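Participant: give me the fold of what follows.
(chains A and B)
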2 protein chains.
Amino acid sequence: MKKALAFDIGGTKIYSTIINENGEIIGEIDKFSTPKSLDEIKKVLQEQIQKHENEVDIIAIATAGAVNNQNTAVIGSTGNLPQGYNTIDFQSLSSKRVFLENDANAAAWAEYKIGASKNTSVSVLLTLGTGVGGGIIINNNLLKGKSGAAGEMHFKMYPDKRRKCTCGGWDCFEIYASGTALKIDAEEMLNDKNVTTYDVIEGVKNGNTKMIEVLKRWQNDITTGIKGLADIFDPDCVVLSGSMAQFVDVKKVEEEVNSDIVTPPTSIRLATAGNYAGMIGVALLAMERGS
Amino acid sequence: MKKALAFDIGGTKIYSTIINENGEIIGEIDKFSTPKSLDEIKKVLQEQIQKHENEVDIIAIATAGAVNNQNTAVIGSTGNLPQGYNTIDFQSLSSKRVFLENDANAAAWAEYKIGASKNTSVSVLLTLGTGVGGGIIINNNLLKGKSGAAGEMHFKMYPDKRRKCTCGGWDCFEIYASGTALKIDAEEMLNDKNVTTYDVIEGVKNGNTKMIEVLKRWQNDITTGIKGLADIFDPDCVVLSGSMAQFVDVKKVEEEVNSDIVTPPTSIRLATAGNYAGMIGVALLAMERGS
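Facilitator: Numbering: from 1, shown residues only, chains lettered A, B, ... in the order given. Down below sits the predicted model:
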């Protein structure tokens, strides 16, 4: 059975393990703080690769940032990673094929192969964390676009410039649906700059009506965004993953979405492929498509 | 060379002609008012089919409404066509294969094969008319979704219920980007229920500053919608067709879109496949995919 050495490179942590063709994690999970320089990032990868490349068929890297259609490099800049990250020649790090994919795309593929969207023809994954990522699968293929950057969840929630997104644009879905967005909602609604996402979640648990209102607004914005995606893609399901997904009332969102779209009903589901979905997805993709 | 008998069935008119594999119109253009009953609609089709089916290889019908993934029937209801339109057994009308596709999808295919999006890998078509239609092509395939209804341009422009769409939902792109939307913009901005789309267009031609402001708002909403589609699909181009497309300042929209998306720049273009793009597209699709 084929095996891949998998990485997940994010703004704060780099994870690594070995994964087989069934999507099973068969190695230890190694974990590193993401270094601040390109050379140190390369060194982390290189050491892992030297240790394990003889045991595996391919190197599979899930990464923040958009990945080109050749799955060889990151395109453009990625907020939380050092400048020049897109210039790294990942293939030079191993004699085995090195295969990259965007982390949200990789997570979507994991859900499609072994998780919540298994056996669907069209699915949309939203990762709700500090930011928001997206991965869309259509008839057994990831939606990549002309340059590999498709699936960005920066469509607009208002046409008239209200809230600046971390991308520099205005009113993107991300800045209304992320964990950061929940904090901004709370700041605005409670007129308190110091309130945190954690405060909202704790407040909701304790039945605080103001915090419940804040969470409702956030969930309503997520619902609004999903309605648009449902009308555009007519998907079998929309899968919610990431650290914030657990705070969404999935049944309620499903009900509201299906009451206000022109396409046939869709299903809203929580992700089931687990915390290492990024590594699992990119490993499965690499073993299937990368040779 | 293969030939198709093509129809375009809309809420007010039915068109019919013969089209060859190059997408050339080689018959007369026949035109009928769309009858009010199912039987009369079938009769119009039947008479044309009886007259021409021996000259052609396939019957190709572009129609209002979503078409299923088997290209045999309309699914759900279609506003401007008689109730029960989705129950018509189109295949029973001819001994030749009868192939259906949604009119905006068909127009998108025509632009892709012989028009403005030729030789692209990912393109989005918007038909701006009384309503708004959409057709999306990804790697030589129409985006159809789980049931055939994908490409509906009813994503939301606001999350907080401002303007009711003709679909019954709230704040859909369609009700901010259509010809109808331009009239509503004018009504709201001029506080005049009797102003028409035509008044706005005439006013703009005559340099009326208020009307120019109305058109600007409408164009700004179209721009906002295209930004979202660009971030989701990372398309080579977005093609604008339909009777209202000519009033859009395409260069301006392209500039604004590309200044506020996270994906690489896209190109905004006017359609070039002409008024019969629906028939041309469905004929080409039917001859390529329908046998």
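Participant: check the closest residue in space to residue A:110 that isn't next to it in sequence and give its pLDDT.
Facilitator: Spatial nearest neighbour of residue A:110, chain neighbours left out: residue A:281 (3.4 Å); criterion: CB to CB, 6 or more residues apart in numbering or on different chains. Placement of C-beta: from N, CA and C, glycine included. At residue A:281, the pLDDT value in this model is 98.
Participant: for the helix or strand residue A:281 falls within, name the packing helices and strands.
Facilitator: When elements are assigned from DSSP states H and E, residue A:281 belongs to helix A:277-289. The contact analysis (3 or more CB pairs under 8 Å, 6 or more residues apart in numbering or on different chains; DSSP states H and E) places helix A:277-289 against strand A:3-9, strand A:13-20, strand A:58-63, strand A:98-102, helix A:103-114.
Participant: now the shortest one against helix A:103-114, angle please.
Facilitator: For the pair strand A:98-102 and helix A:103-114, the angle between their directions (axes from the mean of the first three to the mean of the last three CA atoms, to 10 degrees) equals 100 degrees.
Participant: now the angle from strand A:98-102 to strand A:58-63?
Facilitator: Using the same axes, to 10 degrees: strand A:98-102 against strand A:58-63 is 20 degrees.
Participant: cool, the second one as well?
Facilitator: Using the same axes, to 10 degrees, the interaxial angle of strand A:13-20 with respect to strand A:58-63 works out to 140 degrees.
Participant: give the buried residues for strand A:13-20.
Facilitator: The neighbour-count check on strand A:13-20 (16 or more other CB atoms under 10 Å in any protein chain shown) flags A:14, A:15, A:16, A:17, A:18, A:19, A:20 as buried.
Participant: so which elements touch the helix or strand following that strand?
Facilitator: Downstream of strand A:13-20, the first helix or strand assigned by DSSP H and E is strand A:30-33. Where contact means 3+ CB pairs under 8 Å, 6+ apart, strand A:30-33 is packed against strand A:13-20.
Participant: then the strand it packs on to PDB, C-alphas only?
Facilitator: Taking C-alpha atoms only, strand A:13-20 is exported to PDB below (Å, rounded to 0.1, in the frame of the first residue of the first chain):
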ATOM      1  CA  LYS A  13       2.300  25.400  13.500                       C
ATOM      2  CA  ILE A  14       3.800  22.900  11.100                       C
ATOM      3  CA  TYR A  15       2.500  19.300  11.500                       C
ATOM      4  CA  SER A  16       3.900  16.200   9.900                       C
ATOM      5  CA  THR A  17       3.100  12.500   9.800                       C
ATOM      6  CA  ILE A  18       2.800   9.400   7.500                       C
ATOM      7  CA  ILE A  19      -0.500   8.500   5.900                       C
ATOM      8  CA  ASN A  20      -1.500   5.500   3.900                       C
END
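Participant: which other helices and strands does that strand contact?
Facilitator: strand A:3-9, strand A:30-33, helix A:38-52, helix A:277-289.
Participant: and the helix ranked longest in chain A, what's buried?
Facilitator: The longest helix of chain A (DSSP state H) is helix A:209-233. For helix A:209-233, a neighbour-count test (16+ other CB under 10 Å) marks A:211, A:213-215, A:217-233 as buried.
Participant: in the helix or strand just after that helix, what's buried?
Facilitator: Later in the chain than helix A:209-233, the nearest helix or strand by DSSP H and E is strand A:237-241. By neighbour count on 16+ other CB under 10 Å, the buried set for strand A:237-241 is A:237, A:238, A:239, A:240, A:241.
Participant: swap in stretch A:284-291?
Facilitator: Result for stretch A:284-291 [16+ other CB under 10 Å]: buried residues A:284, A:285, A:286, A:287, A:290.
Participant: sorry, back to before: mean pLDDT added to the helices and strands packed on helix A:277-289, as TSV?
Facilitator: Output for the helices and strands packed on helix A:277-289, formatted as TSV (pLDDT from 0 to 100):
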stretch	mean pLDDT
strand A:3-9	98
strand A:13-20	98
strand A:58-63	98
strand A:98-102	98
helix A:103-114	98
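Participant: quick one: the residue nearest the centre of chain A and residue A:265, what's the gap?
Facilitator: By CA atoms, centre = their mean, chain A has its centre lying nearest to residue A:104, at 2.9 Å. The gap separating residue A:104 from residue A:265 is 24 Å, by CB to CB, to the nearest Å.
Participant: show me what residue A:141 is bridged to.
Facilitator: residue A:138 (DSSP bridges).
Participant: check residue A:7 too.
Facilitator: Beta-bridge partners of residue A:7, as defined by DSSP bridges: residue A:16, residue A:61.
Participant: okay, now it: neighbour count?
Facilitator: The local packing of residue A:7 (other CB atoms under 10 Å in any protein chain shown) involves 27 other residues.
Participant: where does chain A dip in pLDDT?
Facilitator: Within chain A, the stretches with pLDDT under 70 are A:291.
Participant: which of the buried residues of strand A:237-241 come close to chain B?
Facilitator: Contacts with chain B within the buried residues of strand A:237-241, as defined by CB under 8 Å from any CB of the partner chain: none are present.
Participant: got the residues you listed as TSV, with distance to residue B:24 columns?
Facilitator: Below are the buried residues of strand A:237-241 laid out as TSV (distance: CB to CB, whole Å):
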residue	distance to residue B:24
A:237	42
A:238	42
A:239	45
A:240	49
A:241	49
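Participant: which one of the residues you listed is nearest to residue A:108?
Facilitator: Among the buried residues of strand A:237-241, residue A:239 lies closest to residue A:108 (CB to CB), at 7.4 Å.
Participant: contacts only, for that closest one.
Facilitator: A:108, A:111, A:115, A:116, A:117, A:123, A:124, A:125, A:126, A:269, A:270, A:271 (CB atoms under 8 Å, 6 or more residues apart in numbering or on different chains).
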